[in-house]
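got a sequence here, can you model it:
(one chain, ligands or ions: 1)
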Amino acid sequence: MAESYDLVVIGAGPGGYVASIRAAQLGLRVACIERESSLGGTCLRVGCIPSKALLESSERYEETRNGLKQHGVLTGDVTLDLAAMLRRKDSVVLALTKGVEGLFKKNRITRITGQARITGPKRVVVSSPKETVELEAKSILIATGSQSAPLPGVEVDYDRIGTSTEALNYPEVPGHLVVIGAGYIGLELGSVWRRLGSRVTVLEYLDRILPGMDAELAAEARKVFEKQGIEFRLKTKVTGAKVLNGRCTVRLNDDDVMDCDRVLLAVGRRPNTEGLGLESLGIQPDERGKIPVDERFQTTASGVYAIGDVITGPMLAHKAEEEGVAFAEMLVTGHGHVDYGVIPGIVYTHPEIATVGRSEEELQAAGVAYSKGVFPFMANGRARALGSTEGRVKILADAATDRVLGVHILGPHAGDLIAEAAAAMTFGASSEDIARCCHAHPTLSEALKEAALAVDGRAIHF
Ligand code: NAI
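Okay, here's the model as predicted:
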């Protein structure tokens, strides 16, 4: 007989595992199905966490080699133990995936390993090499995430020509790494390998990096990355790439050819919906492969829900987590909420780039009148002391009401600084509200306060 649950969650990434925990907290009997042997999804296993571990390690290497002398710290020969760096990254991942296992036990969530297929409105079959089990569920949540999108002509061999997963594990520092796509992944992993010694060339189809992010900051960020040694070729269409005798050849703009040691394909991600049995439920993904849902995350099939990368919106772990919580709360209590206007996006390069709310381009396109306050880190005492003065804070506020509409930061610890902006925006703050909050001195957060003052032309230190 099929084991019966209130909720069966398919996928144990940040969307699925968080939804499972919240639903269990609210008293549901929950099973979570995951085909990988460890929990945490792309984010924990081969995404956010391992990339941040390598960004941290590579930054320390780079700083020890080139950044300590100015502090009066002299070192001898600095050498790289890449294998040790990769092992440390793996141990960070292991600790966190084990942590999710612990949370599942604590919340009495049943973990089932295998490939899930929905066979009816309340039926899920899980297959693994060991066995096939059938589950009965009052509700089913699809949280299967996404995978690297392919590019026509690029022959990915998951070795020389690979995705972010391979780029977290190169066994040697590539002599020349070509990155296709100047988005989140391209810039973060491009930074890692540049710091470790690779020549890095980023090829981007558009005339700018980081499409979707504030254009002014993206342009400034590009200059900073160029100074760090990353080469950019914009307006460059990649039409093919293949491996020949251990070397890669990349075809650009149809006629040009580039030769390199490794290729990282990072042109976006596509939702994982294959093999779930959607056809039999009458669920039709849209032209981008995303599953349509209503405001309660219900698909066109009753009792079947979806959240995270498989539905519309940015493919970000924290967006999936918010949806996981809102889904579980709506299911059990009837109420839940995600504020889609206030989802921060962060690129963890050095300096970091962080953004929340609307960009200038978006406001202009929507015909919204806005005031703008800018404050450069050059004029912030703490940034000077840190030796990290590149970048600025930019606040965009409604011209009539002063309500904050967007905050964009390029600078040290921008990813942490943006949290204040997100909290303020969630509370519907004006730039005056931020300007009137006492910010401790000397901190980087003063740059946010000063940018808020600058909206009204009264920054003190600039
Ligand atoms: P992305 O969407 O951020 O960037 C892809 C880039 O590739 C774009 O700039 C696009 O114009 C370019 N491109 C597309 N086709 C091309 C072609 N034929 N030739 C050259 N360039 C081309 O995608 P990415 O970096 O692969 O990241 C995937 C997802 O993972 C993102 O949606 C992001 O949300 C998420 N992610 C988030 C991170 C974070 O929050 N820090 C880190 C890594 C990934």
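
which secondary structure state does the residue of the stretch 301-450 of the chain found nearest the ligand sit in?
Nearest residue of the stretch 301-450 of the chain to the ligand, counting by Cβ to the nearest ligand atom: M315, 3.9 Å away. Where C-beta positions appear, they are placed from N, C-alpha and C, glycine not excepted. Using DSSP: H, G, I helix; E, B strand; the rest coil, the structure places M315 in coil.

run a quick neighbour tally on it.
Counted by other Cβ atoms under 10 Å, the residues lying close to M315 total 19.

just checking, it touches S146?
Yes. Between M315 and S146 there is a contact at 5.6 Å, judged by Cβ atoms under 8 Å.

what do those two both touch?
Listed contacts common to M315 and S146 are R269, D309; contacts here mean Cβ atoms under 8 Å, 6 or more residues apart in numbering.

if we can go back for a sec, which pLDDT value goes with the nearest residue in space to the residue of the stretch 301-450 of the chain closest to the ligand that is not next to it in sequence?
The spatially closest residue to M315, leaving aside those adjacent along the chain, is D309, at 4.4 Å (Cβ to Cβ, 6 or more residues apart in numbering). With respect to pLDDT, D309 has a value of 98.

same question, A354
According to the model, A354 carries a pLDDT of 98.

and it, what does it touch?
By Cβ under 8 Å, 6+ apart, the residues touching A354 are P344, G345, I346, V347, H408, I409, A414, G415, L417, I418.

what of L168?
Taking Cβ under 8 Å, 6+ apart, one finds V46, P50, S51, L54, K89, L189 in contact with L168.

the first one reaches T165, doesn't it?
Read that as V46. Yes. If you go by Cβ under 8 Å, V46 and T165 touch, sitting 4.6 Å apart.

so between those two, which is more surrounded?
For the pair V46 and T165, the greater number of neighbours falls to V46 (20 against 15), based on other Cβ under 10 Å.

the more buried one and the ligand, how far apart?
Look at V46 and the ligand: by Cβ to the nearest ligand atom, to the nearest Å, they are 11 Å apart.

look up phi and psi at that residue.
phi -140, psi 30 (degrees, to the nearest 10).

quick one: residues contacting it.
S164, T165, L168.

among those residues, which one sits closest to L278?
T165 (24.9 Å; Cβ to Cβ).

just the CA coordinates for stretch 102-116, please, in CSV.
C-alpha atoms of stretch 102-116 as CSV (Å, rounded to 0.1, in the frame of the first residue of the first chain):
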residue,chain,number,x,y,z
GLY,A,102,19.7,17.3,10.7
LEU,A,103,16.9,19.8,10.1
PHE,A,104,14.9,17.2,8.3
LYS,A,105,15.3,14.8,11.3
LYS,A,106,14.4,17.5,13.8
ASN,A,107,11.3,18.3,11.9
ARG,A,108,10.4,14.7,11.2
ILE,A,109,10.4,15.1,7.5
THR,A,110,10.7,11.8,5.6
ARG,A,111,13.5,11.9,3.1
ILE,A,112,13.2,9.7,0.0
THR,A,113,16.0,9.3,-2.4
GLY,A,114,15.1,8.8,-6.1
GLN,A,115,13.6,10.2,-9.2
ALA,A,116,10.0,11.4,-8.7
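
that one: which residues count as buried?
Neighbour counts using 16 or more other Cβ atoms under 10 Å place L103, F104, I109, T110, R111, I112, T113, G114, A116 of stretch 102-116 among the buried residues.

circling back to that earlier point, in helices only, show me the contacts of V46.
The helices, defined by DSSP state H, take in S164, T165 from those.

between the contacts of V46, which sits nearest A435?
The closest of those, once distances to A435 are taken by Cβ to Cβ, is S164, at 39.6 Å.

which ones among the buried residues of stretch 102-116 map onto helices?
Using DSSP H, the buried residues of stretch 102-116 in helices are L103, F104.

quick one: the helices in the chain, in order.
14-25, 41-46, 48-66, 82-106, 164-167, 184-195, 215-227, 278-281, 317-333, 360-366, 381-386, 414-426, 431-436, 446-455.

of all the ones you listed, which lies closest to T236?
helix 184-195 (12.4 Å).

would that closest one count as contacting the ligand?
Yes. Under the criterion of Cβ under 6 Å from any ligand atom, the ligand is reached by helix 184-195 at Y184, I185, G186, E188.

next, the contact list for A306, please.
A306 touches L141, I142, A143, I291, V293, F297, T299, counting by Cβ under 8 Å, 6+ apart.

which residues are in contact with the residue in the stretch 101-250 of the chain positioned nearest to the ligand?
Nearest residue of the stretch 101-250 of the chain to the ligand: G183, at 1.8 Å (Cβ to the nearest ligand atom). Residues in contact with G183 (Cβ under 8 Å, 6+ apart) are I209, L210, P211, A266, V267, G268.

excluding chain neighbours, what is closest to the third one?
So that's P211. Nearest non-adjacent residue to P211, counting by Cβ to Cβ, 6+ apart: G183, 7.3 Å away.

if I look at the closest residue to D286 other than its chain neighbours, how far off is A326?
Of all residues not flanking D286 in the chain, P292 sits nearest, at 6.0 Å (Cβ to Cβ, 6+ apart). Per Cβ to Cβ, to the nearest Å, P292 is found 17 Å from A326.

ok, the most centrally placed residue in the chain to G175 distance?
By Cα atoms, centre = their mean, the mean C-alpha position of the chain lies nearest to L316, the distance being 4.6 Å. From L316 over to G175 the distance is 33 Å, taken as Cβ to Cβ.
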